[in-house]
Each structure stands twice: as C-alpha cells, then as structure tokens.
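In: quick one, what's the 3D model for this:
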Amino acid sequence: MIRVAMLSFWHVHANDYARQATEHPGTEIVAVWDEITERGRKQAEERGVRFYDDLNELLAQDDIDGVIVDTPTNMHRDVMVAAAQAGKHIFTEKVVATTLKECNEILAAVEEAGVKLTVSLPRLNADYTLAVQNILREGVLGEVTLVRTRLSHNGGVPSERGQQGWLPAHFFDKELCGGGAMIDLGCHPMYLARLFLGVPDTVSANYGYVTGREVEDNAVTVLRYSNGALAVVEAGFVNRHSPFVIEVHGTEGSLLYSTHDNKLLVRSSKLGDEASKEWQVQQGLPENRPSAFHQWVSHIENGTNADENIELALDLTRLMEASNLSAGKGEPIKLADLAQ
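Out: Residues are numbered from 1 along each chain as shown. Down below sits the predicted model:
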C-alpha cells in the first residue's frame, strides 16, 4: 500500500485527486498539510487522518511514501523540491511551475532523489487524443499545416452557480496562479497542440480582460514553426456554451473533434474518393488510457518513469512562460531565449 499525503486543498481539483487516492486499491491518504491551516485541519478531520501545519515535519515522516500537490502554483517549486529531497514520490496538478528555470529545478531534484513524478495532463489519455495521434502517425492528413485547440467555460462570469462566477476568487490572483485563463484552462489545449505539432520556434499571445480582473479571462496563443505551420491555442473563463475543440488541417485533409457532438470527423484525399468528398465519422476509437494518477501509482509499483508525461509537462511550462511574456511585452517570444 502506497501511503500518500495531500499537500493543500487550494486547487479546484484537489478533492478529485483525493477521491482517486481513496478509491485506488493501492493507495491510502494518511496525512494532510495545507498553507491555510484551518482548511487543512478541516480536511484532515473529515478524512480521519493526521494534520501537519509544518510541511517539513510532514515530509520527515517515514510512513508517508508520496504526496499529491495542489498548492498555489507559485509554491510548486519549493514544495516539490522539498518533497523530492525528502524521498517522496510526487503527483502534481499542472503546471509544474510558471517558469522553465523553476521547472528544471524541480525535475533535477526529482532525478537526484530517484522518486517518481507524474503530472496531471488528463486529456493525453482520452480516446479522441489517441485517435488523433493514430491518424497523424498514418499520414492521413498529409503535411500538417495548422492545429487549433480550444477549451473555455463560464467560470469567471455571473451564473446560477455564483454571482462572480463559479471559480474560486483565488483563481484570479496573479501572484498565486501565475496568470489566468491561459495558464489554468489553456494548459489542456496547449499540451495537445504541442503533442500534435511539436515544439514551436516562437510564441505570440494576446490576452483579454473581459471581467476586469488582474489576470486574463480570454486568451489566444499562436505557436509558429520553422516549416510555416501554426498552432492556435484558445482559452477563456467567459463563455457559457463554448465546446472543447480540436482541429488539425494538412495538405491532404483535415480532422475535427468537438464536444458539441462528441464525434471525430476526418476528410482526406488519401482515404479514397468518398472520404475526399464528405466528412467521415471515425468509429471504434481507442480505449482511454488509465488516468494520470493510476499511471503514477504504476510507476511507483514497477520502478518505471513517466518520461513522455514529464517531457510534455516541461514543454508546457516553457510554452506558458513564453505566452505570459509575449502577452506582457506585445511581441513574439523565442523559446530558445527563455532562462534555463
């Protein structure tokens, strides 16, 4: 049995990860720490586990094997480096860190300690993502020229779920979060764009402030590649009915996926006359892969590493840092120029 500690309930998904840890037959929650003592103590009491108001004291406990990190993003570097140095395996909410430099420091600590790290990038494991990868691997679309990925919700605007929106107020704190819609919700379409098209040369971002908060709630980032290809990544907190969308376009065809109908459509000259004349609904998508949490447990049990997950998480941090810099400066940012 892998004994885990919850490190903070700051993030909206903390309870989801706690539920996964409780339901997984190979893990159990044994302790809680939180930067807000009252919140953490309450969570520990409800779960019948120990609470620590000192993180170092928790990390010194021999009966804790791993930690689930849901702290404010600006605490990730210090918390995860400390956890790794204490020999604790780490499962963390994205992003790993807000800068490439801090992300590299975390990964160096993880590697030196020999602990297992997995980052929650859930859409990597979805059937539609695996299907898109297969289509691209087979060259059905020809040379890929454009990727568009979008994820948006209405968490920042008044609704029946809240007068100020249903997102917690601290999700609009620039210092805690490192940004707004792009670094939070935009992570998912960003790592998918990276997965489908690779690492770009430059990043250009434009942020909008519909609700007047200090972080963006409406955002677009454009990734530019040396071969002329582009990726457009869109995110927002101000759209009630905006579906999740994946578009991939190439010299020989296109594919579309949207949650408005949950269908993956392909049209390509490489699939014969009929498939070039009209859209074909893809049947029999691959099975979803196990969740990132289940993968983390498997890596601990089997002594393996989440190499692809960590590589994509590192690139995600690079792309988010570049997006924030671009939006702030009003100019493209070369990924090669980011501080290591």
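
In: is it correct that Leu230 is in contact with Val144?
Out: No - in this structure, Leu230 is not within contact of Val144 by CB atoms under 8 Å, at 10.0 Å. C-beta coordinates here come from the backbone N, C-alpha and C atoms, glycine included.

In: of those two, which one has the most company?
Out: Each of Leu230 and Val144 has its neighbours counted (other CB atoms under 10 Å); Val144 has more, 21 against 17.

In: so the more buried one makes contact with Ile135?
Out: No - look at Val144 against Ile135 with CB under 8 Å: they stay out of range, at 10.3 Å.

In: name the residues contacting each of the two.
Out: Taking CB atoms under 8 Å, 6 or more residues apart in numbering as the criterion, Val144 and Ile135 both touch Val248.

In: the helix or strand bottoming out on mean pLDDT in the chain: how far from the chain's middle?
Out: Of the helices and strands making up the chain, the lowest-confidence element is helix 273-277, at a mean of 77, by mean pLDDT, DSSP states H and E. Here the centre of helix 273-277 is set off from its chain's centre by 36 Å, with CA atoms, centre = their mean, to the nearest Å.

In: elements contacting that helix?
Out: For helix 273-277, the packing partners by 3 or more CB pairs under 8 Å, 6 or more residues apart in numbering; DSSP states H and E come out as strand 263-268.

In: mind checking pLDDT for Asp16?
Out: pLDDT for Asp16: 97.

In: how close does the residue lying closest to Thr73 once chain neighbours are set aside get to Cys103?
Out: Excluding the flanking residues, the one nearest Thr73 by CB to CB, 6 or more residues apart in numbering is Gly178, at 4.8 Å. Distance, Gly178 to Cys103, by CB to CB, to the nearest Å: 12 Å.

In: find residues that contact each of those two.
Out: Val95.

In: just the residues contacting stretch 204-220, thanks.
Out: Counting by CB under 8 Å, 6+ apart, 156-157, 165, 172-174, 177, 179-182, 186, 221-222, 224, 232-238, 322-324, 326-327, 331-333 sit against stretch 204-220.

In: max-length strand in the protein?
Out: Identified as the longest strand of the chain according to DSSP state E is strand 144-152.
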